[in-house]
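Asks: Here is a sequence with its predicted model. Questions after.
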There are 2 protein chains.
Amino acid sequence: MEAALRALADESRRTMLETLSRGPVTVGELAALLPIARPGVSRHLRVLREAGLVEVRQDAQRRIYTLRPEPLAEIDEWLGRYRTLWEQRLDALHTEIARGKRQRRSTR
Amino acid sequence: MEAALRALADESRRTMLETLSRGPVTVGELAALLPIARPGVSRHLRVLREAGLVEVRQDAQRRIYTLRPEPLAEIDEWLGRYRTLWEQRLDALHTEIARGKRQRRSTR
DNA sequence: TGGTTACGTAACCGTCAAGGTACATAAGAG
DNA sequence: CTCTTATGTACCTTGACGGTTACGTAACCA
């Protein structure tokens, strides 16, 4: 989770994850969507790989990256320690309105 | 959320938040729990303040810091885009386990 | 075989971040 | 007032980070 949090601190990498969330993608396609050159993208992908946030598979010359969301789940779990705190506050703010907002608490 | 994510990338600051989650605390108390000198703690607190993650109130010479969890809620919300992705995976894993144990999952 | 495509890595540079020491300041205490 | 306590800020150094260009390399293609 440590490494994943550091990975998320960079905006380019968050954009890359956003793109990857819509499906597998090659390095070139990622680079086309970002304001940085391809080698930079490769380096970012390395960081994401080492954080366990992406997987690579090879297809001819291409490398196809896919999102691996598990580390995000770990971050979510870590945030869980604080969830009750902000929920208390939100409840205090708009007690009535926040009703339907909490059915998404999965098993933990 | 941007600034909050950067703030969370540092381990000392995460430890500080952890401490703050148990209640308000002074700078000196925080510094006593960390391997870094007090001025460093002050700087970390500045980052947390600018990220909206803490609030200060003054009591005589002391500054009492309290956690402000709202930015964490924003991060949680941002993670929400990916939540269904990892839940699908976890569900797959769980059904696998359940199948191995010959258990039946209750419907959510 | 030689060329092209797609990608990673190396080397380099500027910037930023995190740490420490020294100093400034504000509030009580005497 | 002066001294002490509690904290922030200035300044410096070091190391990590993000970006670029140049280069290496594996796989396909003519």
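Replies: Yep, it's here.
Asks: outside of stretch A:41-49, which residues touch it?
Replies: With contact meaning C-beta atoms under 8 Å, 6 or more residues apart in numbering or on different chains, stretch A:41-49 is reached by A:6-7, A:10, A:12-13, A:16-17, A:27, A:30-31, A:34, A:54-56, A:65. In this view, the C-beta of every residue, glycine as well, is placed from N, C-alpha and C.
Asks: how about it as CSV, C-alpha atoms only?
Replies: The C-alpha trace of stretch A:41-49 is given here as CSV (Å, rounded to 0.1, in the frame of the first residue of the first chain):
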residue,chain,number,x,y,z
VAL,A,41,5.4,7.0,-19.7
SER,A,42,7.5,3.9,-19.6
ARG,A,43,9.0,5.1,-16.3
HIS,A,44,5.6,5.8,-14.8
LEU,A,45,4.5,2.4,-15.9
ARG,A,46,7.4,0.9,-14.0
VAL,A,47,6.4,2.7,-10.9
LEU,A,48,2.8,1.4,-11.3
ARG,A,49,4.1,-2.1,-11.9
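Asks: which is the next helix or strand following whichever strand or helix holds residue A:44?
Replies: Using DSSP states H and E, residue A:44 maps to helix A:38-50. Next helix or strand after helix A:38-50 toward the C-terminus (DSSP H and E): strand A:54-59.
Asks: okay, the helix or strand following that next one in PDB with CA atoms only?
Replies: Next helix or strand after strand A:54-59 toward the C-terminus (DSSP H and E): strand A:62-67. These are the backbone C-alpha positions of strand A:62-67, laid out as PDB (Å, rounded to 0.1, in the frame of the first residue of the first chain):
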ATOM      1  CA  ARG A  62       3.400  -4.300 -28.100                       C
ATOM      2  CA  ARG A  63       3.100  -4.400 -24.300                       C
ATOM      3  CA  ILE A  64      -0.400  -4.400 -23.200                       C
ATOM      4  CA  TYR A  65      -1.000  -3.000 -19.700                       C
ATOM      5  CA  THR A  66      -4.000  -3.800 -17.600                       C
ATOM      6  CA  LEU A  67      -5.200  -2.400 -14.300                       C
END
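Asks: tell me the angle of the helix or strand just after strand A:62-67 relative to strand A:54-59?
Replies: Following strand A:62-67 in sequence order, the next helix or strand is helix A:70-93 (DSSP H and E). Taking axes from the mean of the first three to the mean of the last three C-alpha atoms, to 10 degrees, helix A:70-93 and strand A:54-59 form an angle of 140 degrees between their directions.
Asks: how far is helix A:70-93 from where the chain is centred?
Replies: Remark: helix A:70-93 is offset 16 Å from the chain centroid, using C-alpha atoms, centre = their mean, to the nearest Å.
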